[in-house]
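1. here are the coordinates; sequence isn't available:
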């Protein structure tokens, strides 16, 4: 018999595995890759019977479009990176600062936002961070503002499109939200989030942004382009793909088909130009897939023990007012993202909100919380962990405490303003 007040052994085991899995993912003891932690957690749930093989297969199959899209984006990012486009853009951003530190910070922030919007926050973390760190080291500038700025913009600029964040992809796929509808509702909160975060960081680092630097130490942007034809092809394909995302629903085509088409063309053209080989494939962060699949299984097991019933009751507290629903969803997912990381928080929120007639106000409110919220703790999103890890390996360590000290006061302000912007859009459309 189970003691009064204590959960059944099966529930305690499931929640225990969930907590341990998240702890291993977030702390990475002895450098243990996040994919191993998630995979082991998923295996533990399957072996113990907390989730069946059929249930695991069902949740993966239900998310197949998002997973295929993720694969296409990762391949596309690696192919674009091999063209030199990221380094070329970073050099332009640095040279256009005209030797002024505050301008350089602004340009790096804007560049990070553009990369995040068009190629996802993980691309910003993995491919833009090392370039930014290399430039500030070359210019002998303090790296801390730029590392933290890159970590913040990777998250707060991930609201606009489904491709900007895996959490967006999961929601857009599950609830059938077209690209155009997604962007029309998120453009206002995206602008507010990005601008407010930039202004607050600019104020915070006003004493650390060196007023001037020697821009002559930077090479010409053309030096970053190994093959002009492949470079131009990558730029054109990227533009065409972004247009294709919005046109795909008109011809009943899944957006991942557009991304795969662009990636396939660049791969073939890159091979012919001798610009794409084994290195480009190795640059793809393949461990993301076992990480995501493992979390799918772990979160499905948590759903089985009835945790979501309590979450569903909490989500109903806002009643019928759209603004209250937006704020409740935004605040709840923001807190959950920092407690357990935004990916498992998104998986749980997707199930809680997945009623036969999902409420659009809550869906997009949850996405604002999942995008902006993780900027409090470094463990809030994988992108933040990746930025800090890349910076540390490049000799510019930034502690989680430093990020926390900024996130504690900055994130609530950015979250409040961006949620207000979304609420205004939702109220106007109802």
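-> Structure's in. What do you need? Note that the structure is predicted; figures quoted are calculated from it, not measured.
2. The helix or strand containing residue 409 - contacts with which helices or strands?
-> For residue 409, the enclosing helix or strand under DSSP states H and E is helix 400-429. On a contact count with 3 or more C-beta pairs under 8 Å, 6 or more residues apart in numbering; DSSP states H and E, helix 400-429 meets helix 144-156, helix 179-204, helix 322-340, helix 360-372, helix 382-393. C-beta: built from backbone N, CA, C; applies to glycine.
3. Now do the second one and helix 144-156, the angle between them.
-> Taking axes from the mean of the first three to the mean of the last three C-alpha atoms, to 10 degrees, one finds that helix 179-204 is oriented at 160 degrees with respect to helix 144-156.
4. Show residues contacting the helix or strand following helix 179-204.
-> Using DSSP H and E, the helix or strand that follows helix 179-204 in sequence is helix 228-247. Outside of helix 228-247, the residues within contact range by C-beta atoms under 8 Å, 6 or more residues apart in numbering are 76, 79-80, 82-85, 88, 118-119, 161-163, 179-180, 183, 225, 255, 258-259, 261-262, 265-266, 269-270, 273, 275.
5. cool, stretch 143-153 as well?
-> 105, 108-109, 112-113, 116, 124-125, 128-129, 132-133, 136-137, 194, 197-198, 201, 205, 208-209, 375, 378, 383-384, 387-388, 391, 396, 398, 402-403, 406, 410.
6. now it: how far from the chain's centre is it?
-> Relative to its chain's centre, stretch 143-153 lies at 15 Å (C-alpha atoms, centre = their mean, to the nearest Å).
7. for the record, mean pLDDT for that stretch?
-> For stretch 143-153, mean pLDDT is 95.
8. cool, and stretch 116-125?
-> 90.
9. same deal with stretch 347-361?
-> pLDDT averaged over stretch 347-361 gives 79.
10. List the buried residues in it.
-> 347-353, 358-361 (16 or more other C-beta atoms under 10 Å).
11. Same question for stretch 171-183.
-> 171-174, 177-179, 182-183.
12. next one: stretch 199-216
-> For stretch 199-216, the neighbour count (16+ other C-beta under 10 Å) marks 200-202, 204-205, 209-210, 213 as buried.
13. Would you work out how far apart the start and end of it are?
-> Taking C-alpha to C-alpha, to the nearest Å, stretch 199-216 runs 28 Å from one end to the other.
14. Can you tell me which of the buried residues of stretch 347-361 end up in helices?
-> Members of the buried residues of stretch 347-361 lying in helices (criterion: DSSP state H): 347-352, 360-361.
15. Is it possible to get a markdown table of those that adds distance to residue 220?
-> Converted to a markdown table, these look like this (distance: C-beta to C-beta, whole Å):
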| residue | distance to residue 220 |
| --- | --- |
| 347 | 46 |
| 348 | 49 |
| 349 | 47 |
| 350 | 47 |
| 351 | 52 |
| 352 | 52 |
| 360 | 48 |
| 361 | 49 |
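16. of all those, which comes closest to residue 294?
-> residue 347 (11.4 Å; C-beta to C-beta).
17. quick one: that closest one and residue 67, what's the gap?
-> 13 Å (C-beta to C-beta, to the nearest Å).
18. Can you list the low-confidence ranges for the stretch 301-430 of the chain?
-> Within the stretch 301-430 of the chain, the ranges that satisfy pLDDT under 70 run 307-320, 355-357, 430.
19. which intervals of the stretch 1-150 of the chain have sub-threshold pLDDT?
-> Ranges of the stretch 1-150 of the chain meeting pLDDT under 70: 1-9.
20. Show me where it has its helices.
-> Residue ranges of the helices in the stretch 1-150 of the chain, as given by DSSP state H, counting those that start in this stretch, are 9-27, 34-48, 53-62, 64-82, 85-95, 101-119, 121-123, 129-138, 144-156.
21. Any chance of CSV for the ones you listed, columns distance to residue 343 and mean neighbour count?
-> Below are the helices of the stretch 1-150 of the chain laid out as CSV (distance: least, C-beta to C-beta, whole Å; neighbours: other C-beta atoms under 10 Å):
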stretch, distance to residue 343, mean neighbour count
helix 9-27, 9, 17
helix 34-48, 9, 20
helix 53-62, 14, 14
helix 64-82, 11, 22
helix 85-95, 24, 21
helix 101-119, 16, 22
helix 121-123, 11, 27
helix 129-138, 19, 20
helix 144-156, 12, 28
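22. Could you export these as a markdown table, including distance to residue 340?
-> Putting the helices of the stretch 1-150 of the chain into a markdown table (distance: least, C-beta to C-beta, whole Å) gives the following:
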| stretch | distance to residue 340 |
| --- | --- |
| helix 9-27 | 5 |
| helix 34-48 | 12 |
| helix 53-62 | 17 |
| helix 64-82 | 19 |
| helix 85-95 | 31 |
| helix 101-119 | 22 |
| helix 121-123 | 18 |
| helix 129-138 | 24 |
| helix 144-156 | 16 |
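23. So for residue 324, which of those helices sits nearest?
-> Closest among the helices of the stretch 1-150 of the chain, using C-beta to C-beta: helix 144-156, at 23.5 Å.
24. now that closest one against helix 400-429, angle please.
-> Interaxial angle, helix 144-156 versus helix 400-429 (the same axes, to 10 degrees): 40 degrees.
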